[in-house]
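**Student:** Sequence first, predicted model second:
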Amino acid sequence: MTSTPQNREADIAAQFAELAPWVFQFRIRRADYGGAISAHGDVRIEWFRRFAPEARRILELGSLEGAHTFMLAAQATRVVGIEARERNLRKAELVKRLLGVRNAEFLQGNLETIDLAGLGHFDAVFCSGLLYHLPEPWTLVDQLPSAAPKLLVWTHYADELSADAVQHGFRGRVHAEGGLDEPLSGMSPTAFWPTLGSLIQLFTSSGYKSVHILHNDMSHPNGPAVTLGASTHEMPTLRQSRWGKMR
Ligand SMILES: C[S@@+](CC[C@H](N)C(=O)[O-])C[C@H]1O[C@@H](n2cnc3c(N)ncnc32)[C@H](O)[C@@H]1O
């Protein structure tokens, strides 16, 4: 069969159909494939770039179909996405091949139990939509300052009035997860959502010297959601301030 744009598109559509359903939409050449959500224009990528403009080696946690990964890769030398679900990884690998992306790697791993030390060192971690799926988020967060000096997190948290539990010294609540067959869910039946105060306490006690609230969406339909930027270095302006000198 002669290769025409029409039959190339039909071939790509068939490859996407084999792995359906998809969450994200991907533009390959001039046509769109996959799910309903386009990651283009996602402010979290813009915030990450502003927070860590120098980051060239990026570790992404919970990379799903790779939609954020490929955007991060556009300005990086290496992006490593960790993802637990094999089916999500197969989707990400398909899009990677079709887009011809060479500097993104996808690794299968459970972020509840993973040891990040073997993955090497990164300039920044991008952690969007993952932390609120973990039953013990502190186990992962404790490893992050050694993986990279900067971290951008987007996560849901427990509002103060719903917090009815204390785990590992953090206040929060237990949240039911969607199960192993649900492509966006955690790998355990429940997750622990700390309150915003406990989240900041968690990042600070794990070794970050500065933890900034970049955005706080208190009316998100799935529960309050915060974007935090954490760094193992103090903010330069604070380091030079009178306050800094007084301590
Ligand atoms: C809500 S989606 C977020 C996807 C993407 N990062 C985003 O912000 O749109 C959560 C992703 O994390 C993955 N995930 C959840 N728990 C995980 C775990 N314990 N280890 C590795 N990946 C996990 C899910 O399979 C899914 O791809």
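**Tutor:** Here it is on my side, so go on. Residues are numbered from 1 along each chain as shown.
**Student:** Helices along this protein, start to end?
**Tutor:** 5-18, 43-51, 67-73, 86-99, 137-141, 144-147, 196-206, 236-240, 242-246 (DSSP state H).
**Student:** Which of these sits closest to Asp32?
**Tutor:** helix 5-18 (10.0 Å; C-beta to C-beta). In this view, the C-beta of every residue, glycine as well, is placed from N, C-alpha and C.
**Student:** Quick one: distance of the closest one to the chain centre.
**Tutor:** Here helix 5-18 is found 29 Å from its chain centre; the criterion is C-alpha atoms, centre = their mean, to the nearest Å.
**Student:** do stretch 70-77 as well
**Tutor:** On the basis of C-alpha atoms, centre = their mean, stretch 70-77 is displaced by 14 Å from the centre of the chain it belongs to.
**Student:** May I see the buried residues of it?
**Tutor:** For stretch 70-77, burial by neighbour count (16 or more other C-beta atoms under 10 Å) applies to 70-73, 76.
**Student:** and that stretch, average pLDDT?
**Tutor:** Average pLDDT, stretch 70-77: 97.
**Student:** For that stretch, give me every contacting residue.
**Tutor:** 39-40, 42, 45, 48-49, 55-58, 60, 79, 95-96, 99, 101, 103-104, 126 (C-beta atoms under 8 Å, 6 or more residues apart in numbering).
**Student:** Narrow those to those that are buried.
**Tutor:** 39, 42, 45, 48-49, 55, 57-58, 60, 79, 95-96, 99, 101, 103-104, 126.
**Student:** and the chain, which residues reach the ligand?
**Tutor:** 62, 64, 68, 82-85, 88, 110-112, 128-130, 133, 184, 186-187 (C-beta under 6 Å from any ligand atom).
**Student:** Out of these, which sit inside strands?
**Tutor:** 82-83, 128 (DSSP state E).
**Student:** what's near enough to touch the residue nearest to Pro189 when sequence neighbours are not counted?
**Tutor:** Excluding its sequence neighbours, the residue lying closest to Pro189 (C-beta to C-beta, 6 or more residues apart in numbering) is Glu177, at 5.8 Å. Applying C-beta under 8 Å, 6+ apart, we find Glu177 in contact with 133, 185-186, 188-191.
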